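[1] pasted the sequence and its predicted model underneath.
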Amino acid sequence: MRSYTLLACAKINLYLEIVGDRADGYHELAMIMQSVDLCDRIQIEPSGTDSIRVTCNHPDVPCDSSNLAYRAAELMRSEFPDTFAKYGGVNIRIDKRIPVAAGLAGGSSNAAAVLVGLDLLWKLGLTQGECERLGALLGSDVPFCIRGGTALATGRGEKLSPLPDLDQLYVVLAKYESVKVSTAWAYQTYRSTYEESYIRDPEHIEAYGQKVHSGPMVRAIASKNHATITEELRNDFEKIVLPEYPQLVTLKHRFMEAGAMGTLMSGSGSTVFALTESKSEADRIKNYIEQELHHPDLKLWVAQFSPTGIKVSE
Ligand SMILES: C[C@@](CO)(OP(=O)(O)O)[C@H](O)COP(=O)(O)OP(=O)(O)OC[C@H]1O[C@@H](n2ccc(N)nc2=O)[C@H](O)[C@@H]1O
Ligand SMILES: Nc1ncnc2c1ncn2[C@@H]1O[C@H](COP(=O)(O)OP(=O)(O)O)[C@@H](O)[C@H]1O
């Protein structure tokens, strides 16, 4: 039986508004998500045993049942027990390129790749909608990682509306290796700081409609108005993460000084990104930051907006 190699793209959040509380304990969000072509490589092959095995080349990534790729394979086993019995176990090898605990959905993208890969390996013929429904059982960002491209994400992040591709933009991604922000910590801290402004009636959709401010960004994406896109960049998590980590504020200032169109922290952090309209401009800004900040802990990458989240490579 054949094996599959999949490229699992990172995501950035061009817009992240925390709207309020939800009855399930999560937060109601309005986000604009964008795939970028900084990818992990996921290899899936039949193991000839009846078990699931995950290996990864990154020391911070657990390879046990807490790995999101492992959990995705477990979910597929429990959803399709007869198919699993027919094909047997799998080895999943993760070649990690997306920085870990970075607000770039590395784990979610790996889970997305495993769902798509096992659908192919086991010839299930699932629709994208079915894959996304399974993905939502693993994490709020997994459906977007399956869908990819540019999308408005609402609910807890799993309800997706596609937006026109913005595939001509580039990002410089910058991450201090030692600055790791836990997503659960970020949401809890945001809740304890801003709880008073939360809408207390999550069932009341009109209340959300009045509060969400993503309209101008959605329109700017539709008209490919890059100047307005950069003006409308927003991430509510910056309010709690930046005061804790002043080096991220410096990073943002340096990006703008270098001539970036706009800059923002991604997700719950700690990656900060800068937008540019060309690869040469992105490379120039990356070099400038490397020279100016010159910190051994700071890593930088250049990536392009990607119209897809998962690429199957033969
Ligand atoms: C913040 C974001 C923005 O894209 O990305 P990252 O920074 O993690 O990449 C996401 O909302 C992260 O989504 P994901 O990482 O899939 O979250 P989950 O596993 O579902 O939940 C992790 C933790 O965040 C909280 N959580 C998550 C989503 C949400 N809408 N409200 C929440 O309160 C959950 O309560 C849980 O404690
Ligand atoms: N396949 C995976 N890749 C990366 N991290 C994983 C994976 N599975 C589980 N994790 C755990 O999830 C945590 C969050 O990692 P990651 O998904 O990279 O960040 P973020 O949620 O900020 O986008 C990590 O600290 C790691 O322990």
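    All right, it came through fine. Just so it is clear, the structure is predicted and the values come from calculations on it, not from any experiment. Ligands and ions are numbered 1, 2, ... in the order given.
[2] what's across from I310 in the sheet?
    Beta-bridge partners of I310, counted by DSSP bridges, are A8.
[3] so how far is A111 from it?
    As judged by C-beta to C-beta, to the nearest Å, I310 and A111 stand 11 Å apart. In this view, the C-beta of every residue, glycine as well, is placed from N, C-alpha and C.
[4] go on, K86?
    From K86 to A111 the distance is 23 Å (C-beta to C-beta).
[5] D95 too?
    Applying C-beta to C-beta to D95 and A111 gives a distance of 16 Å.
[6] that older thread, which one's more surrounded, K86 and A111?
    A count of neighbours by other C-beta atoms under 10 Å puts A111 above the other of K86 and A111, at 29 against 10.
[7] where do the strands sit along the stretch 201-314 of the chain?
    234-235, 262-265, 272-276, 298-304, 310-313 (DSSP state E, counting those that start in this stretch).
[8] lowest average pLDDT across those?
    When the strands of the stretch 201-314 of the chain are compared by mean pLDDT, strand 310-313 comes last with a mean of 94.
[9] residues in contact with that strand?
    Here strand 310-313 makes contact (C-beta atoms under 8 Å, 6 or more residues apart in numbering) with 4-9, 39, 109, 112-113, 116-117, 120, 145-146, 148.
[10] just the residues you listed: which are in helices?
    Among these, the members found in helices (DSSP state H) are 109, 112-113, 116-117, 120, 145-146.
[11] host element of the nearest residue to D64 once chain neighbours are set aside?
    In this structure, D64 finds its nearest non-sequential neighbour in Y70, 7.0 Å apart by C-beta to C-beta, 6 or more residues apart in numbering. Using DSSP states H and E, Y70 maps to helix 68-79.
[12] after that helix, next one along is what?
    helix 81-87.
[13] against which helices or strands is that following helix packed?
    For helix 81-87, not one helix or strand is in contact under the criterion 3 or more C-beta pairs under 8 Å, 6 or more residues apart in numbering; DSSP states H and E.
[14] picking that back up, which of the contacts of strand 310-313 are buried, as a ChimeraX select command?
    Selection command for ChimeraX covering only the buried members of those, criterion 16 or more other C-beta atoms under 10 Å:
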select :4,5,6,7,8,9,39,109,112,113,116,117,145,146,148
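[15] which of the contacts of strand 310-313 lies closest to ligand 2?
    S109 (7.8 Å; C-beta to the nearest ligand atom).
[16] which residue packs closest to the closest one, ignoring adjacent ones?
    A8 is the one closest to S109 (C-beta to C-beta, 6+ apart), at 3.8 Å.
[17] surely that neighbour touches G107?
    No: between A8 and G107 there is no contact under C-beta atoms under 8 Å: 9.8 Å.
[18] name the SS class of L152, please.
    Following DSSP: H, G, I helix; E, B strand; the rest coil, we place L152 in the strand state.
[19] run through the bridge partners of it.
    With DSSP bridges as the criterion, L152 is bridged to I32, S161.
[20] for it, grab the count of nearby residues.
    19.
[21] one step back: got a list of what the residue nearest to S109 touches?
    39-42, 98, 109-110, 112-113, 145, 309-310.
[22] how about 7 Å then?
    Residues in contact with A8 (C-beta atoms under 7 Å, 6 or more residues apart in numbering) are 39-40, 42, 109-110, 112-113, 145, 310.
[23] nearest to ligand 1, of the contacts of strand 310-313?
    C145 (8.8 Å).
[24] show me the contacts for the closest one.
    8, 11, 105, 108-109, 112, 309.
[25] cool, G103 as well?
    181, 265-271.
[26] mind telling me what element R97 is part of?
    Going by DSSP H and E, R97 is not in any helix or strand.
[27] actually, V100.
    V100 belongs to no helix or strand when assigned by DSSP H and E.
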